[in-house]
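**Student:** Need coordinates for the below:
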Amino acid sequence: MTMPASQVPASFWHKFDDKKLQCDLCPRYCKIGDGQRGLCYVRGNEGGKMYLYTYGRSSGFCIDPIEKKPLNHFLPGTPVLSFGTAGCNLACKFCQNWDMSKAREMDRLCDSGSPQQLADTCLQMGCRSIAYTYNDPVIFLEYAEDVAAACRAVGVNSVAVTAGYITDQARPRFFDAMDAANVDLKAFTERFYKHICGGHLSNVLDTLLYLHNETEVWFEITTLLIPDENDSDPEIEALSRWVMDNLGPDIPLHFTAFHPDWKMMDKSHTPPETLQRARRIARQHGLHYVYVGNVHDSEGSSTYCPNCGLRLIERDWYQLGEWNLKDGCCIHCGTEIPGRFEAEPGHWGARRQPVFLQG
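**Tutor:** Prediction:
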């Protein structure tokens with residue numbers, strides 16, 4: 001087997017001065033000296049040129065239900081091949097994939113796969129989609145877009161699980177490669193983004209507006225609710241109003257439960273009642289499809305018709321049950337439900353299956 005090259009020329013940079021290059025991929029705009037890397041650790045300056053160091057390398061591959069991304073309105077019940085690399089362009093203190101996203105050792109990337117290998121694996125395993133996840137695919141854009149092109153050629157969809165922290169310049173190229181996305185809207189205050197994530201809220205909102213106004217990418221939003229940090233009624237109300245006013249009532253919004261991790265071990269788990277309260281607030285502000293996650297709550301995880309109230313898709317964790325859609329519409333009142341639906345749901349269920357690529 002010919003191993004894919006891990007170091008390839010990177011895009012979106014320019015010469016900052018005689019000694020440094022500026023990375024223009026994300027809003028950090030890292031100024032990087034020769035032999036150094038940006039905060040993401042996977043893009044660096046070598047001899048006056050910018051490179052991506054994780055092309056073709058992964059921390060592992062696994063088949064998941066598409067609902068785990070989470071995407072509830074994109075080919076429900078189907079399997080998705082998931083993978084990530086190393087590094088991240090944010091510094092979230094609560095990161096629940098910190099062993100990969102904060103990795104500074106390339107030997108964590110123990111698996112490898114060329115774009116064509118990944119496309120072939122999706123076909124062999126019956127995966128309808130491939131997900132770029134675990135760490136943010138924005139930072140391995142060149143690898144992600146090549147995989148997406150190979151997958152698109154054989155009818156496999158691409159799903160970005162991303163924090164949306166990307167520049168205006170890079171957004172079109174990145175999202176042109178994607179069919180669906182889940183954008184992690186981490187909170188709705190600049191304080192949270194600055195002090196807990198090391199970023200800015202406005203850049204993420206710009207990404208959401210871009211997706212809604214400029215693309216055909218199907219996208220959903222996830223907010224992890226952390227006790228006493230981003231779970232107050234006023235913040236949830238502000239977030240819900242912004243989504244309603246700027247994206248409309250039909251964008252699915254997921255509120256998910258936090259568990260103590262990495263640098264926020266002192267925080268408690270999110271009570272189910274907090275998620276239910278957030279869901280109630282968002283629905284009161286006019287959002288039609290509001291979900292809870294990381295807890296067992298079949299009602300909060302299921303999809304209902306916004307017109308007649310019929311349960312359209314029953315979910316128990318990641319297992320689908322009742323299905324009351326026909327041609328993407330409610331079988332009772334005919335209301336069209338936004339998303340990408342097929343005549344029948346997939347039957348992957350809640351399985352999580354590791355995959356080892358063969359050369």
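**Student:** Please make it C-alpha for all contacts and neighbour counts, starting now.
**Tutor:** Will do.
**Student:** In contact with the residue lying closest to residue 186 once chain neighbours are set aside, which residues?
**Tutor:** Here the nearest residue to residue 186 in space, its sequence neighbours aside, is residue 223; by Cα to Cα, 6 or more residues apart in numbering that works out to 5.3 Å. Residue 223 sits next to 184, 185, 186, 187, 253, 254, 255, 256 when contact means Cα atoms under 8 Å, 6 or more residues apart in numbering.
**Student:** Residue 223 and residue 36, how far apart?
**Tutor:** Applying Cα to Cα, to the nearest Å, the value for residue 223 to residue 36 is 33 Å.
**Student:** What residues of the host helix or strand of residue 220 count as buried?
**Tutor:** Assessed by DSSP states H and E, residue 220 sits inside strand 218-225. Within strand 218-225, the residues that qualify as buried are 218, 219, 220, 221, 222, 223, 224, 225, counting by 16 or more other Cα atoms under 10 Å.
**Student:** And those, which is closest to residue 15?
**Tutor:** residue 219 (34.3 Å; Cα to Cα).
**Student:** which residues does that closest one contact?
**Tutor:** Counting by Cα under 8 Å, 6+ apart, residue 219 makes contact with 71, 180, 181, 182, 183, 211, 251, 252.
**Student:** Recalculate using a threshold of 10 Å.
**Tutor:** Listed by Cα atoms under 10 Å, 6 or more residues apart in numbering, the contact partners of residue 219 are 71, 73-74, 159-161, 179-183, 208, 211-212, 251-253, 339.
**Student:** Please identify which helix or strand holds residue 279.
**Tutor:** For residue 279, the element it lies in under DSSP H and E is helix 272-284.
**Student:** ok, and what's touching that helix?
**Tutor:** With Cα under 10 Å, 6+ apart as the test, helix 272-284 has contacts from 224-227, 231-241, 243-244, 249, 253-257, 287-297, 299-300.
**Student:** Now with 6 Å, please.
**Tutor:** Around helix 272-284, the neighbours that count as contacts under Cα atoms under 6 Å, 6 or more residues apart in numbering are 240, 290.
**Student:** For it, buried residues please.
**Tutor:** For helix 272-284, the buried set under the neighbour-count rule, 16+ other Cα under 10 Å, comprises 272, 274, 275, 276, 277, 278, 279, 281, 282, 283.
**Student:** which one of these sits closest to residue 134?
**Tutor:** Among the buried residues of helix 272-284, residue 275 lies closest to residue 134 (Cα to Cα), at 22.9 Å.
**Student:** Now the contacts of residue 223 in a markdown table, please, with extra columns for secondary structure.
**Tutor:** What follows is the contacts of residue 223, written out as a markdown table (DSSP: H, G, I helix; E, B strand; the rest coil):
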| residue | secondary structure |
| --- | --- |
| 184 | strand |
| 185 | coil |
| 186 | coil |
| 187 | coil |
| 253 | strand |
| 254 | strand |
| 255 | strand |
| 256 | strand |
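**Student:** top of the residues you listed by neighbour count?
**Tutor:** Each of the contacts of residue 223 was scored for neighbours by other Cα atoms under 10 Å, and residue 253 scores highest at 29 neighbours.
**Student:** State the distance from that residue to residue 242.
**Tutor:** Noted for residue 253: a distance of 12 Å to residue 242, by Cα to Cα.
**Student:** go on, residue 179?
**Tutor:** If you go by Cα to Cα, the gap between residue 179 and residue 242 works out to 24 Å.
**Student:** So these two - more neighbours on which side?
**Tutor:** Each of residue 179 and residue 242 has its neighbours counted (other Cα under 10 Å); residue 179 has more, 20 against 15.
**Student:** residues contacting residue 15?
**Tutor:** Residues in contact with residue 15 (Cα under 6 Å, 6+ apart) are residue 21.
**Student:** Bridged to it, which residues?
**Tutor:** Beta-bridge pairing of residue 15 under DSSP bridges involves residue 21.
**Student:** tell me the domain boundaries of the chain?
**Tutor:** As assigned by automatic domain parsing, the chain contains the domains 8-52, 58-354.
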